[in-house]
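whatever this is, show me its structure:
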Amino acid sequence: MAADPAVAHSAERAERAERAEATPGTIRPGGRTERNRQAVAAAALALLRRGRIDLSPALVAEEAGVSRSTVHRRWPTRSDLLREAMALHTRKLRIPDTGALDSDIRTLARRLARFFSDPTEVAMNVAMTAHTDPDFNAWQVEYFDGYASDVTRPFERAIARGEIASDIDVAMLLELLITPMVVRTAVLKQELTSRFIASLADHIIRLARMESSDRSVG
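This is a model prediction of the structure:
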C-alpha cells in the first residue's frame, strides 16, 4: 500500500524539528533551546534576588533544573549568565513616548520607581554599594551604560521638539533622576512613594527647563 503523502509530510516535519532541537544554539519558539534559555535567565534572576551574585554555570544549572553541560556550553562565564538574566529583567522597563517632556518624565519616573523597587534590582544595587566584588561592580556599570541610552530617549525627543536646550547634559539629568531611587531602595531601605516620585519628576522637569532658559538668556 502506498504511503499517505500527508502522513509522510508530517513525519518529515517532526524529524526536522527533532534535528533542530538537537542542534546546539538553535532557537525555536517553544523549542528546547528557548525553554532552557528562559529557565536559565529566570534561575539567575532568582539567585540574584537572594543576593547570590557569585553566579556560576553549576549553580544556575541546579537552580534551573537544566543540565550542567548545557549551561557550560552556552553560558560559560558569569558575565554570560548576567547578560542573559538582565535581558529578561530589563524587558519589563518600557520607555514612554507621550509627545511632551512633562508627561514623558512623570511616566518614566513612575516606571523607573517600579523597576528599582524590584527585588532583583535592589539586591544588585545592595551588592554594588557593599563593594565586596569589584568585578561585579564593573559589570554592573557596563550594564547600566547599556540601557541608559534607552532611558535618555524622552530627554532627547524633548530636545528635538525644542522643549529643552540642545546642549543640555542629558546624562546628568538621568543620573539626578535615578540616584535618589537607588539610594532610597538599596541604602535607606525606604519605599518609593507616589508623592516622592511625583516630586522628583517635577524637580527634574523644572531643572531641565531652567537650564534651557538660562542658556537662551545667556
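
pLDDT (mean, whole number) over stretch 122-132?
What stretch 122-132 shows for mean pLDDT is 85.

next: stretch 56-64.
97.

residues contacting that stretch, please?
36, 39-40, 42-44, 46-47, 52, 66-68, 70-72, 75-76, 78, 81 (C-beta atoms under 8 Å, 6 or more residues apart in numbering). From N, CA and C alone the C-beta is placed, and that goes for glycine too.

mind saving the C-alpha coords of that stretch as CSV?
Presented in CSV, the C-alpha positions along stretch 56-64 are these (Å, rounded to 0.1, in the frame of the first residue of the first chain):
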residue,chain,number,x,y,z
SER,A,56,28.3,30.0,38.0
PRO,A,57,27.1,27.5,35.4
ALA,A,58,26.9,24.8,38.0
LEU,A,59,24.9,27.0,40.5
VAL,A,60,22.5,28.2,37.8
ALA,A,61,22.1,24.8,36.3
GLU,A,62,21.0,23.4,39.6
GLU,A,63,18.5,26.3,40.2
ALA,A,64,17.1,26.0,36.7
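
what comes up buried for it?
Ser56, Pro57, Leu59, Val60, Ala61, Glu63, Ala64 (16 or more other C-beta atoms under 10 Å).

and for stretch 93-113?
Within stretch 93-113, judged by 16+ other C-beta under 10 Å, the buried ones are 93, 95-96, 101-102, 104-113.

can you tell me, leaving aside adjacent residues, what's nearest to the residue nearest to the spatial centre of the chain?
For the chain, the residue sitting closest to the mean C-alpha position, by C-alpha atoms, centre = their mean, is Thr90 at 1.9 Å. Take Thr90 and drop its neighbours on the chain: the residue closest to it by C-beta to C-beta, 6 or more residues apart in numbering is Tyr147, 5.4 Å away.

what's the answer for Ser194, then?
Arg110 is the one closest to Ser194 (C-beta to C-beta, 6+ apart), at 7.9 Å.

check Ile168 too.
Glu211 is the one closest to Ile168 (C-beta to C-beta, 6+ apart), at 5.3 Å.

quick one: secondary structure of that neighbour?
helix (DSSP: H, G, I helix; E, B strand; the rest coil).

ok, it - contacts?
Ile164, Ala165, Ile168, Asp169.

narrow those residues to just the buried residues.
So, by 16+ other C-beta under 10 Å, the buried ones in the contacts of Glu211 are Ile164, Ala165, Ile168.
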